[in-house]
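[1] With the input below, show me the fold.
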Amino acid sequence: MPTNSRPVRAPHLKEMKRRGEPIAVLTAYDAVMARLFEQSGADVILVGDSVGMAVLGYASTIPVTMAMMVHHTQAVVRGTSRALVVADMPFLAAPLIRALAAGLDNADACLPSSGGPRGVEPLCAAYGPACRDAIAVTLDSGDRRAVGFHDRVKVGILSLDRIRPLGDPERIFFNINTAEDLAEADARWHRPASSR
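    Numbering: from 1, shown residues only. Predicted coordinates for the structure are as follows:
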């Protein structure tokens with residue numbers, strides 16, 4: 001049972017790691033298990049896309065949608081008051097994955113245009129074997145940006161014109177990093193606002 005009821009956040013985890021303290025991370029898909037895990041001392045509760053196989057009866061994680069992940073993440077959040085809740089992002093749609101992979105025929109990396117502030121989505125891209133050494137050199141230099149190695153490889157861009165027929169780019173590449181992002185996800189997927 002945790003002795004500190006203060007909510008766990010990323011800086012706390014960093015400090016725990018610095019002090020060499022163990023960090024307990026468990027996976028839950030609903031409020032009941034999240035509550036039990038938190039009462040048992042979990043610092044972090046992961047809502048994994050493995051929900052597809054463990055709970056929903058799929059053969060893999062590929063059929064898991066953003067709406068499913070939002071639903072299960074909301075349930076876990078309602079079951080916690082202290083643990084940091086983190087969630088997997090579901091796979092991109094198969095047609096988009098195929099389009100990105102096809103882009104590797106003419107480039108070392110193929111990034112989708114997003115129309116957002118970054119212009120591209122480096123975490124939803126296809127990277128070929130030629131990127132490996134460029135990534136290693138970039139990391140060795142201390143650069144941790146997802147795009148830090150792009151000047152060392154040939155980068156192709158999948159245009160918005162090719163992405164739009166596969167879905168709304170704002171929806172496809174929506175990312176949840178803050179409470180405000182979660183509230184926006186609730187609104188986008190027509191869910192009631194998250195609450196504990």
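[2] Check the gap between residue 177 and residue 186 for me.
    From residue 177 over to residue 186 the distance is 15 Å, taken as Cβ to Cβ, to the nearest Å. Quick note: C-beta positions are derived from backbone N, CA and C, even for glycine.
[3] Show me the domain layout of the chain.
    10-89+175-188, 94-166 (automatic domain parsing).
[4] Let me have those domains in a markdown table, adding mean neighbour count as columns.
    Formatted as a markdown table, these follow (neighbours: other Cβ atoms under 10 Å):
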| stretch | mean neighbour count |
| --- | --- |
| domain 10-89+175-188 | 16 |
| domain 94-166 | 16 |
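[5] mind putting those in TSV, mean pLDDT included?
    Below are the domains of the chain laid out as TSV (pLDDT from 0 to 100):
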stretch	mean pLDDT
domain 10-89+175-188	90
domain 94-166	91
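[6] Not counting sequence-adjacent ones, nearest residue to residue 112?
    In space, and not counting its chain neighbours, residue 112 is closest to residue 158: 4.6 Å by Cβ to Cβ, 6 or more residues apart in numbering.
[7] so what's the backbone phi/psi at the one you found?
    phi -90, psi 120 (degrees, to the nearest 10).
[8] Please apply the same query to residue 107.
    phi -150, psi 160.
[9] Excluding chain neighbours, what is closest to it?
    In space, and not counting its chain neighbours, residue 107 is closest to residue 156: 3.1 Å by Cβ to Cβ, 6+ apart.
[10] and that neighbour, what does it touch?
    By Cβ atoms under 8 Å, 6 or more residues apart in numbering, the contact set of residue 156 is 103-104, 106-107, 109-111.
[11] And for residue 63?
    Contact analysis of residue 63 by Cβ under 8 Å, 6+ apart lists 52, 56.
[12] Does it lie in a helix or a strand, and which?
    Counting by DSSP states H and E, no helix or strand carries residue 63.
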